[in-house]
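[1] The sequence and its predicted three-dimensional model are supplied below.
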Amino acid sequence: MNFIISEDMEGERIDKCIPLLAENVTRSYVSKLIKDGKVLINGTAVKASYNVKEGDEVVFEIPPAYAPDIEPENIPLDIIYEDEDLIIVNKPKGMVVHPAAGHYSGTLVNALMYHCGSSLSGINGVLRPGIVHRIDMDTTGSVIACKNDFSHNSIAEQLKEHSITRCYRALVIGRVKDDEGTIDKPIGRNPNDRKKMAVTVDGKHAVTHYKVLERFKDYTYIECRLETGRTHQIRVHMASIGYPLLGDSVYTNAKWPFNLQGQCLHAKTLGFMHPRTNEYIETDAPLPEYFEHLLEILK
């Protein structure tokens with residue numbers, strides 16, 4: 001594809017311009033194309049921060065889509081909301097959102113492909129049809145998937161603008177002193193262990209708001225509202241202030257007297273503007289049975 005930059009676009013970043021020039025292309029996907037050197041301005045590869053000028057010739061190529069080589073699987077889904085544009089699922093503990101090394105079956109994507117057939121957006125590639133965001137394997141709760149590129153673009157943009165409501169429930173180790181608070185610390189790869197995240201000076205901007213719901217002898221039940229959505233954000237942020245998540249063996253060496261599968265974290269509330277109707281929708285995923293049971297034990 002090639003375009004000539006008009007006067008009204010002058011001064012805009014190239015990664016913002018292309019989604020306006022080409023249909024069904026997200027800014028994150030454009031950033032990847034730019035990083036791979038597949039976007040040329042006047043014949044030269046540029047960075048995403050390049051500010052376009054009137055008359056610039058923009059040339060880029062979107063690789064053709066191809067059929068996924070992952071198989072649909074008849075896995076039951078706990079559907080919270082569904083229409084022709086999107087579906088919201090209450091993901092169980094232990095389920096991976098999309099196929100990756102070591103997990104090519106039994107994922108949410110395998111289940112969605114069976115349930116939705118060919119009606120899933122293709123923007124994020126063959127291994128992640130419909131997936132616009134994710135939660136960790138052992139985190140339960142709300143995941144939104146898009147059935148077409150139109151809705152995918154809209155939800156992706158809302159995520160980028162941090163306008164989507166995302167509230168989590170968590171159990172942390174220790175009695176949280178303050179009734180509520182905000183953690184504003186950048187998150188990046190742990191320099192000593194690339195598989196882990198950490199609060200780092202050169203990390204990405206990350207903000208978590210928390211509120212105490214109930215205190216127990218050695219633990220605290222909290223609500224966390226994400227302002228940003230970094231990998232392992234709540235887990236890293238709460239550990240950074242001395243209250244790691246119960247069950248999280250990655251970010252704490254603490255011991256607990258419960259038989260747990262990973263962190264006690266649940267994506268409960270999801271609120272967004274519907275891509276087609278522009279109406280605000282808010283869904284709620286009930287706490288999983290293990291979480292409810294833990295709360296009863298701790299009381």
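    All right, it came through fine.
[2] From one end of stretch 72-79 to the other, what's the distance?
    End-to-end distance of stretch 72-79 (Cα to Cα, to the nearest Å): 17 Å.
[3] And for stretch 50-58?
    Rule used - Cα to Cα; the end-to-end distance of stretch 50-58 is 12 Å.
[4] how far out from the middle of the chain is that stretch?
    Using Cα atoms, centre = their mean, to the nearest Å, the distance from the centre of stretch 50-58 to the centre of the chain it belongs to is 32 Å.
[5] If you count neighbours, what's buried in that stretch?
    Neighbour-count burial for stretch 50-58 flags 50, 52, 56, 58 (criterion: 16 or more other Cβ atoms under 10 Å). (Each C-beta comes from the backbone N, C-alpha and C, glycine too.)
[6] list the contacts for the third one?
    This points to Asp56. Asp56 makes contact with 4-5, 41-42, according to Cβ atoms under 8 Å, 6 or more residues apart in numbering.
[7] Out of those, grab the one that's most surrounded.
    Counting neighbours by other Cβ atoms under 10 Å, Ile5 leads the contacts of Asp56 with 20 neighbours.
[8] distance of that one from Gly55?
    From Ile5 across to Gly55, the span is 6 Å (Cβ to Cβ, to the nearest Å).
[9] And for Glu292, the neighbour number?
    Glu292: 11 neighbours (other Cβ under 10 Å).
[10] same question, Gln261
    With other Cβ under 10 Å as criterion, Gln261 counts 11.
[11] ok, now the one 5 residues further on?
    Applying other Cβ under 10 Å, we find 24 other residues in the vicinity of His266.
[12] Next, the buried residues of stretch 194-209.
    197-199, 203, 206-209.
[13] how about TSV for these, with pLDDT and secondary structure added?
    Converted to TSV, the buried residues of stretch 194-209 look like this (pLDDT from 0 to 100; DSSP: H, G, I helix; E, B strand; the rest coil):
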residue	pLDDT	secondary structure
Met197	95	strand
Ala198	96	strand
Val199	97	strand
Gly203	94	coil
Ala206	96	coil
Val207	97	strand
Thr208	98	strand
His209	98	strand
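[14] ok, which pair from the residues you listed is furthest apart?
    Distance extremes for the buried residues of stretch 194-209: the farthest pair is Ala198 and His209 at 20.3 Å, using Cβ to Cβ.
[15] what does stretch 196-212 contact?
    With Cβ under 8 Å, 6+ apart, stretch 196-212 has contacts from 176, 178-191, 220-228, 230-238, 240, 250-251.
[16] mind checking how far it is from the chain centre?
    Worked out by Cα atoms, centre = their mean, stretch 196-212 lies 15 Å from the chain centre.
[17] for stretch 91-104, same thing?
    Worked out by Cα atoms, centre = their mean, stretch 91-104 lies 14 Å from the chain centre.
[18] C-alpha coordinates for it, PDB please?
    Provided in PDB are the C-alpha atoms of stretch 91-104 (Å, rounded to 0.1, in the frame of the first residue of the first chain):
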ATOM      1  CA  LYS A  91     -11.600 -18.000  32.100                       C
ATOM      2  CA  PRO A  92     -10.900 -20.800  34.600                       C
ATOM      3  CA  LYS A  93      -7.600 -21.300  36.500                       C
ATOM      4  CA  GLY A  94      -5.000 -23.300  34.600                       C
ATOM      5  CA  MET A  95      -6.200 -22.300  31.100                       C
ATOM      6  CA  VAL A  96      -3.700 -20.500  28.800                       C
ATOM      7  CA  VAL A  97      -5.300 -17.700  26.700                       C
ATOM      8  CA  HIS A  98      -3.500 -18.400  23.400                       C
ATOM      9  CA  PRO A  99      -1.200 -21.100  22.000                       C
ATOM     10  CA  ALA A 100       2.500 -20.700  22.700                       C
ATOM     11  CA  ALA A 101       5.500 -23.000  23.200                       C
ATOM     12  CA  GLY A 102       4.400 -25.900  25.300                       C
ATOM     13  CA  HIS A 103       0.700 -25.000  25.100                       C
ATOM     14  CA  TYR A 104      -0.800 -25.700  21.600                       C
END
